[in-house]
Structure formats: structure tokens, C-alpha cells
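> With the input below, show me the fold.
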Amino acid sequence: MTEETITLYRPTGSNELALVREADFAGFPPRLPEQPIFYPVTNEAYASQIARDWNTKTGDGLGFVTRFEVRKAFLDQFDRKVVGGAEHEEYWIPAERLDEFNANIVGKIEVIREFTPADREAAEGRKTEDA
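From the prediction side, this is the model:
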């Protein structure tokens, strides 16, 4: 019997992605002191929204969406948080438990989307036209 996993997503910028790459796509880097929570999200659309609309405004202007599997037995101890609309669902993992979270990733973290400022501007243009 294979263990049950949950697919999660994480929007990142280039700096965090470089650290994931250094870890051979096996885990996420420690949080900074001003970041007490690690928040993977539960769906690709929400991760894409963050990567496109926020990550492209900082650093080198690139945003990425990563996808990975985490053991359900580990995630079951955390509540899912809805932080906006129903699609804005994420887990809040305390920073001090990130090593344990990383140990419960099954397989490799993969990059599935990349966004540039042009993608954000195009999305903003669509929002304006739809309004």
C-alpha cells in the first residue's frame, strides 16, 4: 500500500527557487526571521495568481509556481486556512517545523509555471477591460 499524499503548490521568486535548486529540489529554505509561517497553497490557480501578481513585482521580476507532494498524515495536523476567496486556501506551517515539513515531501519539487512582468501587465489589462 502506498502512502497517501496531498499535492501542494508554492509561489516563489528567483531567490527562493535558487535555494530550492541548491537543495536538489528536495525541500524549501528556512524562513527569514520576519517570516514566522511557511504557507504552501492548495491549488495551482492561487499559486499562479501570487507568482504572477506579487513575485513579478520584486527582485528580478520573475515568479514561479512549484508543485510537490506531501504526506497526508503529516498535513492532517494542520488546518487549511482560507485567506480571501474560497480558492485562496493554504496551510500555515510554523517556521520552526519547516525541516519536518521538508522531510515529508515525497519525490521532487517541480517548477510548473513561470511569470514575467509582461504576464502581470497582461492580466491587469484583462481585469481593467472586464470591469
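> Assign P11 to helix, strand or coil.
Under DSSP: H, G, I helix; E, B strand; the rest coil, the three-state class of P11 is strand.
> Please apply the same query to P33.
Per three-state DSSP, P33 ends up coil.
> For it, what are phi and psi?
phi -50, psi -30 (degrees, to the nearest 10).
> Neighbours of it, how many?
7 (other CB atoms under 10 Å). C-beta coordinates here come from the backbone N, C-alpha and C atoms, glycine included.
> pLDDT score assigned to it?
On pLDDT, P33 comes in at 91.
> can you tell me how far it sits from E96?
Taking CB to CB, to the nearest Å as the criterion, P33 is separated from E96 by 12 Å.
> which parts of whichever helix in the chain runs longest are buried?
Scanning the chain for the helix with the most residues, using DSSP state H, yields helix 117-130. Buried residues in helix 117-130, counted by 16 or more other CB atoms under 10 Å: 119-120, 123.
> for the helix or strand of the chain with the lowest mean pLDDT, the distance to its chain's centre please.
Within the chain, no helix or strand scores below helix 117-130, which has a mean of 78 by mean pLDDT, DSSP states H and E. Its chain's average C-alpha position is 22 Å from that of helix 117-130, according to CA atoms, centre = their mean, to the nearest Å.
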